[in-house]
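Q: When you get a sec, could you give me coordinates for this:
(chains A and B)
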Amino acid sequence: MQFTSYLENGKLTVALTGEIDHHTAKSCIQAISAKIEAYTPDTCVLDFQEVTFVDSSGIAVVINALRAMNRIEGVLVLSGLSVQPLKVFRASGIDKLVQIKEAVV
Amino acid sequence: MKFENYMILEFPSKSCNEAFARSAVACFASQMDPTLEELGDIRTAVSEAVTNAIVHAYPQELGTVTVRCRILKDNVLDIVVKDKGVGIPDIDQARRPMYTTGGSERSGMGFTIMESFMTSLTISSEPGKGTTVHMRRKLQRRQ
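A: As a prediction, this is how the structure comes out:
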């Protein structure tokens, strides 16, 4: 999976692209954790605007990012979710653990 | 006019086939004129079932995963995902949300997602013989 990230005023934004499944999740988890550890941001925004598919592996991606942000007492935000990823996150109840902003519905 | 139809896919348990399997089933289902949301639900449930077979059924070696889809009357899509792998010793435990024997990159939500996205879900498994996941989804007829 390719992604871009940028840091602005303590806010790290990671823009994910493509499909998040078991095949792509591991590298995605490692890359996000490395960015959080390197920059220790106050807030980390996972931007799903260019993500076309998420299955339960995407839940693991969010949980791992949440753990990494909890360790540094930061906040995790999900943004740009379309209907399919939003439905997966709601079915898992993860929408109650993280902030979801700017859903594209 | 709708007619009954079916397709069968067979592939090795390589993780790169997860995207192929869910896309192939979505392509097949598109003749039922599903909504985008229904198509998303089907892709997600198939991805979960196929990923389970790839991750859990054949932990040591590659094996074969079979996906069979049928279009039944009344706009029902019938999907069977079958493997001949190690099987699930305790299905009730496996279906429990958050339960996983995988690593931290697994969430243990696969069966929960399949249950909530499909109309019905049946799992049969025999240790050493394999697992069959049988799902059905009734699609709404569009006006």
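
Q: so does stretch B:85-93 get close to chain A?
A: No. Applying CB under 8 Å from any CB of the partner chain, one finds stretch B:85-93 separated from chain A by no less than 15.5 Å. Quick note: C-beta positions are derived from backbone N, CA and C, even for glycine.

Q: What of stretch B:50-65?
A: Yes. With CB under 8 Å from any CB as the measure, stretch B:50-65 is seen reaching chain A through B:51, B:54-55.

Q: in that stretch, what's buried?
A: Residues of stretch B:50-65 classed as buried: B:50-58, B:63-65 (neighbour count, 16 or more other CB atoms under 10 Å in any protein chain shown).

Q: of all the residues in chain B, which ones are close to chain A?
A: B:15-16, B:18-19, B:22, B:36-37, B:40-41, B:43-44, B:47-48, B:51, B:54-55, B:97, B:104-110, B:112-113, B:116-117.

Q: change it to 7 Å
A: Contact residues, chain B versus chain A (CB under 7 Å from any CB of the partner chain): B:15-16, B:18-19, B:37, B:40, B:43-44, B:47-48, B:51, B:55, B:104-107, B:109-110, B:112-113, B:116.

Q: Show me just the buried residues among those.
A: Applying 16+ other CB under 10 Å to these flags B:15, B:18-19, B:40, B:43-44, B:47-48, B:51, B:55, B:105-107, B:109-110, B:112-113, B:116 as buried.

Q: which strands and helices sit next to the helix or strand harbouring B:Glu10?
A: Applying DSSP states H and E as the criterion places B:Glu10 in strand B:5-12. Using 3 or more CB pairs under 7 Å, 6 or more residues apart in numbering or on different chains; DSSP states H and E, the elements in contact with strand B:5-12 are helix B:17-29, strand B:64-72.

Q: Need the residues that contact the biggest helix by length in chain B.
A: Across chain B, the longest stretch assigned as helix under DSSP state H is helix B:36-52. By CB atoms under 7 Å, 6 or more residues apart in numbering or on different chains, the surrounding residues in contact with helix B:36-52 are A:21-22, A:53, A:55-56, A:83-84, A:87-88, B:18, B:21-22, B:25-26, B:29-30, B:65, B:67, B:77, B:79, B:81, B:110, B:113-114, B:117-118, B:133, B:135, B:137, B:139.
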